[in-house]
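> The following block contains a protein sequence and its predicted model.
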Amino acid sequence: MNGTHVTTITAPEPPVWNRQRPSRMPSHRYRDVYSRVPVPLTDRDWPGRRLTHAPLWVPVDLRDGNQALAEPMDPARKRRFFELMVRMGYKEIEVGYPSASQTDYDFVRLLAETGSAPSDVTIVVFTPARRDLIERTVDSLRGMPNPVVVHLYTATAPTWREVVLGKDRDELKRIILDGGRDVLELAGTLPNVRFEFSPEVFNLTEPGYVLDICDSMTELWQATPERPVILNLPATVEVATPNVYADQIEYMHKHLARRDSVILSVHPHNDRGTGIACAELALLAGAQRVEGCIFGNGERTGNVDIATLALNLHAQGIDPMIDFSDIDEIRRTVEHCTRMPLHERHPYAGDLVHTAFSGTHQDAIRKGFAEHRRRARESGVAESELDWRVPYLPIDPADIGRTYDAVIRVNSQSGKGGIVHLLETGYGLTLPRRLQIDFARHVQRHTDTTGTEVTAAGLWSLFRHTYLTEPSTVDSVRLTGLEATGGDTPATRITLTVDGHEHTSTHLTTDPVEALTTAVNEAGIPIEILGHVQQSLDSGDCGEDRRALCLLEYRTGSERGWAAGCGDSAPAAGLNAVMSAVRRAHPSGPGPFRP
Ligand SMILES: CC(=O)SCCNC(=O)CCNC(=O)[C@H](O)C(C)(C)COP(=O)(O)OP(=O)(O)OC[C@H]1O[C@@H](n2cnc3c(N)ncnc32)[C@H](O)[C@@H]1OP(=O)(O)O
Ligand SMILES: CC(C)C(=O)C(=O)O
Ligand SMILES: [Mg+2]
């Protein structure tokens, strides 16, 4: 065993409440990180630190991301991606591996010959430690008007030394320093050039050895605060919990020579799904620069996702210094260039990440939005500027150019809050609380039966089918006459046709709902109106000229129910609501709902 400071953990006997049993997988074939590499730090500062500002971000989509694609980007795609990164505000961009392919070489030439990159953008090119390939790399940079970084890499971890490169520690160090000398000789006179070294698989390399190589490189390249060297320490294959990477970075941060002449950079991959955590803890541990890919494309499970990292800062009140205010345009471009779709649950950018289906979340979000609007009104601060505290939404979707349309969607997991939200935002409909509860039961039955989502339009359709029954010639009770009468004493005359027999009655009221209810009762149909509210509909959803809506609660015997009516005026809507209630209480029967 190589590791130090390891507490050997023997699995305890499982407690009685844990019935898990050994799996059939050969987990014994793998070794934890502590037995693969010494993890030297015992006295660590990173756990007590906080993130306070954005690091220097360096997208490597055009190199590391690109080399992981089944179909690497063509020149048009590379260019489109590069232009996106420039628009977003990245100032240091790794544009390719010029010795690897003609496309990569040509892209660097394009930037050099056209001068199309803004002058404050540094162009990074990547090369292995082989003289012929370094020559080709440097050649690609001829005439480049921008500042450049030549990025040299070689794997340093024991397995790579033994299995891949066939070199011992000293031989490998010599190869790396030779590569460093070649870079200096071939690129050292380029105007505005700096150098970067990556000990590939840093995270599995002995700390003392990698520290020695890094110090030798900064000495060779004469790192100064004016012309610092970038030391990029990759977790090429992620093998440990993020605290281990943080320890490794803090160890380097504290022990590197010429620390003030080094830009300490990290380059996590995401094999364990903790690339983001590795990068964040590495920043706490002293890293100043982060390499990764926008949305995390890259070898295997990808490079660390620098979009998520940046928006994580934003969500903590720290400006990431990169503009994600049109996330969907960024996403479209990245998807086009990589030919890979983003997962619906991808942090910040996925289709579903601002959406709640579940009832209690929807209820909280709806209340949160209402509170946000109220606070904005009362404080006079714009909604888009006001501090954000809507439950379940870590950031305001509007910050990244998203609308609120998809925030609440209704299915069988939803409750009345979500239903009400969709009817409110889609149709301007505010349901009384008891009607919300009643309608939610109908929606639940519907979504349980179909197993599918129901849209705002679907909800409105179900609402109409349930409460807003329209008159039909087969109705046993029909309103066939209505007239305002009386001179000194205003009254309303009602004519009903009940099972083919006419009933006319006069009522000393001008309230048509009251008059019609009494008439219905006198015609032998018991129904009591418990209350009604009038609303106006936002659009002609009931018919262009019928924008008044009456929502009415009734009782027949021990049964309570709700009905609704539309009309061109509040009285007309009221009458239709009463007749709707009569039809619901004494149905000649609407058929089953079909959305
Ligand atoms: C973690 C990373 O992302 S590292 C970057 C990986 N990216 C890429 O590999 C994409 C581009 N690569 C390529 O186009 C090619 O691999 C090239 C042009 C670099 C080299 O191609 P080839 O000469 O055909 O060699 P090949 O691809 O087989 O590479 C392996 C050789 O490079 C050596 N090698 C690997 N890494 C390095 C390095 N950093 N410096 C020097 N030599 C290296 C290997 O030991 C092996 O040598 P061998 O042939 O003597 O055994
Ligand atoms: C920085 C280079 C060597 C890299 O892509 C890696 O190690 O993952
Ligand atoms: Mg990488």
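Cool, got the structure. Numbers count the residues shown, from 1 in each chain. Ligands and ions are numbered 1, 2, ... in the order given.

> wait, is residue 73 part of a helix?
No. Secondary structure of residue 73 (DSSP: H, G, I helix; E, B strand; the rest coil): coil, not part of a helix.

> Now do the contacts for it.
When the contact criterion is CB atoms under 8 Å, 6 or more residues apart in numbering, the partners of residue 73 are 62, 66, 81, 103, 337-338. C-beta: built from backbone N, CA, C; applies to glycine.

> Spell out which parts of the stretch 251-400 of the chain neighbour ligand 2.
Counting by CB under 6 Å from any ligand atom, the residues of the stretch 251-400 of the chain lying close to ligand 2 are 267, 269.

> could you redo the last one with a cut-off of 8 Å?
With CB under 8 Å from any ligand atom as the criterion, the stretch 251-400 of the chain comes near ligand 2 at residues 267, 269, 291, 298-299, 303.

> again with the chain
For the chain, the residues in contact with ligand 2 (CB under 8 Å from any ligand atom) are 60, 63-64, 126, 151, 153, 155, 198, 200-202, 232, 234-237, 267, 269, 291, 298-299, 303.

> Quick one, which of the residues you listed are buried?
A residue is treated as buried here by neighbour count (16 or more other CB atoms under 10 Å); on that basis the buried members of these are 60, 63-64, 126, 151, 153, 155, 198, 200-202, 232, 234-237, 267, 269, 291, 298, 303.

> Narrow the residues you listed to those in strands?
By the criterion of DSSP state E, membership of those in strands covers 126, 151, 153, 155, 198, 200, 232, 234-235, 267, 291.

> a markdown table please, covering the contacts of residue 73 and showing pLDDT, distance to ligand 1 and neighbour count.
A markdown table is the format used below for these (pLDDT from 0 to 100; distance: CB to the nearest ligand atom, whole Å; neighbours: other CB atoms under 10 Å):
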| residue | pLDDT | distance to ligand 1 | neighbour count |
| --- | --- | --- | --- |
| 62 | 98 | 12 | 28 |
| 66 | 98 | 9 | 29 |
| 81 | 98 | 17 | 24 |
| 103 | 96 | 11 | 16 |
| 337 | 98 | 17 | 25 |
| 338 | 98 | 16 | 25 |
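
> wait, which of those residues is closest to ligand 2?
Within the contacts of residue 73, proximity to ligand 2 (CB to the nearest ligand atom) peaks at residue 66, which comes in at 11.3 Å.

> State which helix of this protein is the longest.
For the chain, the helix with the greatest residue count under DSSP state H is helix 359-379.

> Of all residues in the protein, which one is nearest the centre?
In the chain, the residue lying closest to the centroid (CA atoms, centre = their mean) is residue 348, at 2.1 Å.

> Name the residues of the stretch 251-400 of the chain found near ligand 1, please.
In this structure, the stretch 251-400 of the chain approaches ligand 1 at residues residue 299, judged by CB under 8 Å from any ligand atom.

> Where does the stretch 251-400 of the chain get nearest to ligand 2, residue-wise?
Relative to ligand 2, the nearest point of the stretch 251-400 of the chain is residue 267 (4.7 Å; CB to the nearest ligand atom).

> Please report how far the spatially closest residue to that residue that is not a sequence neighbour lies from ligand 1.
Nearest residue to residue 267, sequence neighbours excluded (CB to CB, 6 or more residues apart in numbering): residue 234, at 3.8 Å. The gap separating residue 234 from ligand 1 is 7 Å, by CB to the nearest ligand atom, to the nearest Å.

> Relative to the whole chain's centre, how far out is stretch 325-332?
Relative to its parent chain, stretch 325-332 has a centroid offset of 11 Å by CA atoms, centre = their mean, to the nearest Å.

> One more: stretch 260-272?
24 Å.

> Use 37 as the first number for this chain going forward.
Right, with 37 as the first residue, what we last looked at is stretch 296-308.

> gap between the two ends of it?
The straight-line separation of the ends of stretch 296-308 (CA to CA, to the nearest Å) is 32 Å.

> buried stuff in it?
Going by neighbour count (16+ other CB under 10 Å), the buried part of stretch 296-308 is 297-308.

> ok, back up a step: same list (the residues of the stretch 287-436 of the chain next to ligand 2) but as TSV, adding pLDDT and distance to residue 262.
Supplementary listing: these in TSV, determined by pLDDT from 0 to 100; distance: CB to CB, whole Å:
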residue	pLDDT	distance to residue 262
303	99	25
305	98	32
327	99	23
334	98	33
335	97	35
339	98	30
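
> Just put these in TSV and tack on distance to residue 286.
Putting these into TSV (distance: CB to CB, whole Å) gives the following:
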residue	distance to residue 286
303	16
305	20
327	18
334	25
335	26
339	22
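
> My understanding was that residue 239 contacts residue 277; is that so?
No. Under the criterion of CB atoms under 8 Å, residue 239 is not in contact with residue 277, lying 11.5 Å apart.

> Comparing those two, which shows the higher neighbour count?
Regarding residue 239 and residue 277, a neighbour count based on other CB atoms under 10 Å identifies residue 239 as having more, with 29 against 15.

> Surely residue 496 is in contact with residue 462?
Yes. Contact criterion CB under 8 Å: residue 496 and residue 462 qualify, at 6.8 Å.

> Mind checking which of these two has more residues around it?
Between residue 496 and residue 462, counted using other CB under 10 Å, the more crowded position is residue 496 (20 against 17).

> which ones are touching the more buried one?
Listed by CB under 8 Å, 6+ apart, the contact partners of residue 496 are 459, 462-463, 465, 577.

> and the host helix or strand of it, C-alpha only, in PDB?
Assigning secondary structure by DSSP states H and E places residue 496 in helix 492-503. Below are the C-alpha coordinates for helix 492-503, written out as PDB (Å, rounded to 0.1, in the frame of the first residue of the first chain):
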ATOM      1  CA  ALA A 492     -53.900  24.600 -19.400                       C
ATOM      2  CA  ALA A 493     -56.100  24.100 -22.500                       C
ATOM      3  CA  GLY A 494     -56.900  20.600 -21.400                       C
ATOM      4  CA  LEU A 495     -57.800  21.900 -17.900                       C
ATOM      5  CA  TRP A 496     -60.100  24.500 -19.300                       C
ATOM      6  CA  SER A 497     -61.700  21.900 -21.500                       C
ATOM      7  CA  LEU A 498     -62.300  19.600 -18.500                       C
ATOM      8  CA  PHE A 499     -63.600  22.600 -16.500                       C
ATOM      9  CA  ARG A 500     -66.100  23.400 -19.200                       C
ATOM     10  CA  HIS A 501     -67.200  19.800 -19.600                       C
ATOM     11  CA  THR A 502     -67.600  19.500 -15.800                       C
ATOM     12  CA  TYR A 503     -69.300  22.700 -14.900                       C
END
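
> Off-centre distance for it?
Averaging C-alpha coordinates over helix 492-503 and over its chain gives two centres that are 31 Å apart (CA atoms, centre = their mean).

> what's the answer for stretch 548-565, then?
Using CA atoms, centre = their mean, the offset of stretch 548-565 from its chain centre is 54 Å.

> Any buried residues in that stretch, and which?
The neighbour-count check on stretch 548-565 (16+ other CB under 10 Å) flags 548-556, 559, 561, 563, 565 as buried.

> what's in contact with it?
Contacting residues not belonging to stretch 548-565 are listed as 513, 515, 518, 527-528, 530, 532, 534, 539, 541, 543, 545, 568, 586, 588-593, 607, 610-611, 613-615, 617-618, 621-622 [CB under 8 Å, 6+ apart].

> May I have the strands that pair with the following helix or strand past the helix holding residue 496, each with its orientation?
Per DSSP H and E, helix 492-503 leads on to strand 513-521 as the next helix or strand towards the C-terminus. Paired with strand 513-521 in the same sheet, following DSSP bridges, are strand 527-534 (antiparallel).

> and after the partner strand, which helix or strand comes next?
Remark: after strand 527-534, the chain's next helix or strand is strand 537-543, criterion DSSP H and E.

> Would you mind listing the outside residues contacting that following strand?
Defining contact as CB under 8 Å, 6+ apart, one finds that strand 537-543 is touched by 516-517, 521, 527-533, 550-551, 554-555, 558-559.

> Of those residues, which is the nearest to ligand 1?
Top of the list for closeness to ligand 1, among the contacts of strand 537-543 and by CB to the nearest ligand atom, is residue 550 at 80.2 Å.
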